[in-house]
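Novice: Quick one, structure for this:
(one chain, ligands or ions: 1)
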Amino acid sequence: MPIFFSYDILILMKIISANWKMNLTPSQTKEYLQGFLPLVEDIKDREILLCPPFTSLCVASEILKGTHIKLGAQNCHYEPKGAFTGEISLEMLKELGVSYIIVGHSERRWIFGETDELISKKITACLEAGVRPILCVGERLEEREAGLTFKVVETQVRLALSGVESYTDDLDIAYEPVWAIGTGNPATPEDAQVVHAYIKDLLQDVNPKHEGRTRVLYGGSVNPKNAGEFMRMRDVDGLLVGGASLDPESFYQIVKSF
Ligand code: 13P
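Specialist: Predicted coordinates for the structure are as follows:
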């Protein structure tokens, strides 16, 4: 019997990420990790990423040293150093073992006024620093209702990658519809699938040499009950979880939901 190998299907490592947002102090982080690490000790067939607030990175970095759990930050500045009061550089984050940065989260876009231009500078800085950005994109409710979902997502992706089009394989993208974040009203897995497939086609268009290494994560009201349904979708390569990641048991249930 001949054996056929398919060389053109790239198997991507799935990634389940926690975005704690402005939650959990350093001591609460320590307590969280004491509960979480034993639960996920043997789960090594998927990437597990924790993105605590800046003030918890140090303690998390110490505790996670030598484990398979990855550490990420929720934001960064694009300049390497200097007079930028209140900002955090990539060098500072890298020294703590941070290997992922969430860039352009909708809360940063809509509460703190981050523009596509600023987001593009951050993406470029991350790529230059060798830290993998997770670019967040997603439409607001009024945009969805006006049938603009694809247009909004396309614009956000193209602008974020302007000038670094040839690096599409070096980042991940989180599709987080704004109306689904923190509302208990997630997109349907089928709706997410359609947008994820669209994003993957778009990357091919942005970079004809794209190899398909970009994972597309879904975020927005993911919980232990619905996580597995999202992960069953062909083009859902991971999850970015807010509220339901704040409890170690609940996040563990999400990590092992597929
Ligand atoms: P929730 O999971 O709380 O809806 O938040 C999603 C999110 O914004 C992750 O980045």
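Novice: Got the confidence number for the residue most central in space within the chain?
Specialist: The chain has residue 134 as the residue nearest its centroid, 4.2 Å off, counting by Cα atoms, centre = their mean. Residue 134 is assigned 98 on the pLDDT scale.
Novice: Please list all residues in contact with it.
Specialist: Counting by Cβ atoms under 8 Å, 6 or more residues apart in numbering, residue 134 touches 17, 72, 100-103, 171-174, 217, 240. Every C-beta, even on glycine, is put in place using the N, C-alpha and C of the backbone.
Novice: Show the overlap between these and what lies near the ligand.
Specialist: Among these, the residues that sit close to the ligand (Cβ under 6 Å from any ligand atom) are residue 240.
Novice: Please see if stretch 52-68 touches the ligand.
Specialist: No: shown here: stretch 52-68 not in contact with the ligand (Cβ under 6 Å from any ligand atom), separated by at least 12.8 Å.
Novice: who touches that stretch?
Specialist: Outside of stretch 52-68, the residues within contact range by Cβ under 8 Å, 6+ apart are 20-26, 28-30, 33, 37, 44, 48, 50, 70-71, 73-74, 88, 93, 96-98.
Novice: Now intersect those with the strands, please.
Specialist: Secondary structure of the contacts of stretch 52-68 is defined by DSSP state E; positions in strands are 48, 50, 70-71, 73, 98.
Novice: Pull the most distant pair out of those residues.
Specialist: Farthest pair in the ones in strands among the contacts of stretch 52-68 (Cβ to Cβ) is 48 and 73. Separation: 15.9 Å.
Novice: Quick check: phi and psi on the closest residue to the ligand within the chain?
Specialist: In the chain, the residue found nearest to the ligand is residue 242; the distance is 2.4 Å by Cβ to the nearest ligand atom. Main-chain dihedrals, residue 242, degrees, to the nearest 10: phi -90, psi -100.
Novice: Please name the bridge partners of the nearest residue to it once chain neighbours are set aside.
Specialist: The spatial neighbour of residue 242 that comes closest, neighbours along the chain excluded (Cβ to Cβ, 6 or more residues apart in numbering), is residue 19 at 5.3 Å. In this entry, residue 19 is beta-bridged to residue 51, by DSSP bridges.
Novice: Pull up the gap between residue 19 and residue 244, please.
Specialist: Applying Cβ to Cβ, to the nearest Å, the value for residue 19 to residue 244 is 11 Å.
Novice: higher neighbour count, those two?
Specialist: Taking other Cβ atoms under 10 Å, residue 19 and residue 244 do not tie; residue 19 has more neighbours (27 against 19).
Novice: The more buried one: what's it in contact with?
Specialist: Per Cβ under 8 Å, 6+ apart, neighbours of residue 19: 51, 74, 102, 105, 219, 240-242, 245.
Novice: try 10 Å
Specialist: Residue 19 makes contact with 49-53, 72, 74, 102, 105, 107, 134, 136, 174, 176, 181, 219, 240-243, 245-246, according to Cβ atoms under 10 Å, 6 or more residues apart in numbering.
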